[in-house]
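Enquirer: Sequence first, predicted coordinates after that:
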Amino acid sequence: MSTAVIILTLNEIKGIKAILPKIDKSWAEEIVVIDGGSTDGTIEEAKKMGFRVIMQQHKGANAGGHGAAILEGVNATTSDNIIIFGPDGNHEPEEIPRLIKKMEDGIDQVLISRFGIGSVNLDAVGIKGKLIDYFGNKMFTFLVNVFFGGYWTDSLNESRIISRKAFNELNYDAMGMSSTQQMSIRGLKRKQKICEIIGNEGKRIGGKRKMRPLSTGSELSLAIIKEFIFWNR
């Protein structure tokens, strides 16, 4: 089976300098950077390293953001399996071969859990930040499991692999920050073979954190309600 790695960037020059050299290009048949309009040299640096860069066409409040970047990456590749990866330091490059290996078991979707037994989470700053991250993730994961019959320990993490066939079954249309939650929810609703493997969330390297607790929380809550009411979407 072939694999495409979709790397999502937006002003992550420090991150890609530190993380992308650790990605072995032999791990996957396709590696593509989807950039949301960086102005800090991210695009030029990624190209200099020999990575294929695609400029995201649909972005912003009305057109989409994070989810739209994922969709453009999927449409720009042809491999059997798709990995979503962020180069900001949160994801570990070693996750890539682990995810690919797990797909050999005939799984449709594998997610890296940041909150499993033994996981280490270094991204949130301070006690307040850690509490918001931990309880926020636990709350939304609990709601996803209760409403949709799941057993996720981390339904929000973008670091995951999904087969192209399984992705096409999702009728994916979440263009914003609820994008990966939708993948988790609709994977459950479609009775896909899903599993988690334990991972960590490293400390951010440069750049700015894209997630805003209040707005993202509202988006995730509304998305859960809509997915439950419109079950067959």
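Expert: Yep, that arrived. Just so we're clear, the structure is a prediction, and the values are computed from it rather than from any experiment.
Enquirer: Point to the residue nearest the middle of this structure.
Expert: The chain has E158 as the residue nearest its centroid, 1.7 Å off, counting by C-alpha atoms, centre = their mean.
Enquirer: I19: what's it in contact with?
Expert: With contact taken as C-beta atoms under 8 Å, 6 or more residues apart in numbering, I19 is in contact with 87-89, 91, 93, 205. Where C-beta positions appear, they are placed from N, C-alpha and C, glycine not excepted.
Enquirer: close enough to count as contact, I34 and E72?
Expert: Yes. With contact defined as C-beta atoms under 8 Å, I34 reaches E72; the gap is 5.7 Å.
Enquirer: Common neighbours of these two, please.
Expert: Residues touching both I34 and E72 (C-beta under 8 Å, 6+ apart): 54, 56.
Enquirer: Give the residue spans of this protein that score low on pLDDT.
Expert: Within the chain, the ranges that satisfy pLDDT under 70 run 58-64, 123-134, 207-214.
Enquirer: let's go with 90 and repeat that
Expert: Counting by pLDDT under 90, the chain has low-confidence residues at 1, 57-66, 89-90, 114-138, 157, 175-177, 200-219, 231-233.
Enquirer: all helices of it, in order?
Expert: For the chain, applying DSSP state H gives helices covering 13-19, 42-48, 66-75, 95-102, 126-148, 164-169, 179-189, 213-229.
Enquirer: give the contact list for T39.
Expert: N11 are the contacts of T39 under C-beta under 8 Å, 6+ apart.
Enquirer: Now with 6 Å, please.
Expert: Contact analysis of T39 by C-beta atoms under 6 Å, 6 or more residues apart in numbering lists nothing.
Enquirer: same question, I16
Expert: Contacts of I16 by C-beta under 6 Å, 6+ apart are 42, 45-46, 87.
Enquirer: 7 Å - rerun?
Expert: I16 is in contact with 9, 42, 45-46, 87, counting by C-beta atoms under 7 Å, 6 or more residues apart in numbering.
Enquirer: just K189 next, same as before
Expert: 148, 231.
Enquirer: Quick check: it vs D154, distance?
Expert: Counting by C-beta to C-beta, to the nearest Å, the separation of K189 from D154 is 18 Å.
Enquirer: Same question for A46.
Expert: Distance of A46 to D154, given as C-beta to C-beta: 28 Å.
Enquirer: and what of R160?
Expert: 10 Å.
Enquirer: do the same with K101
Expert: 19 Å.
Enquirer: Neighbour count: these two, which is higher?
Expert: D154 (24 against 12; other C-beta atoms under 10 Å).
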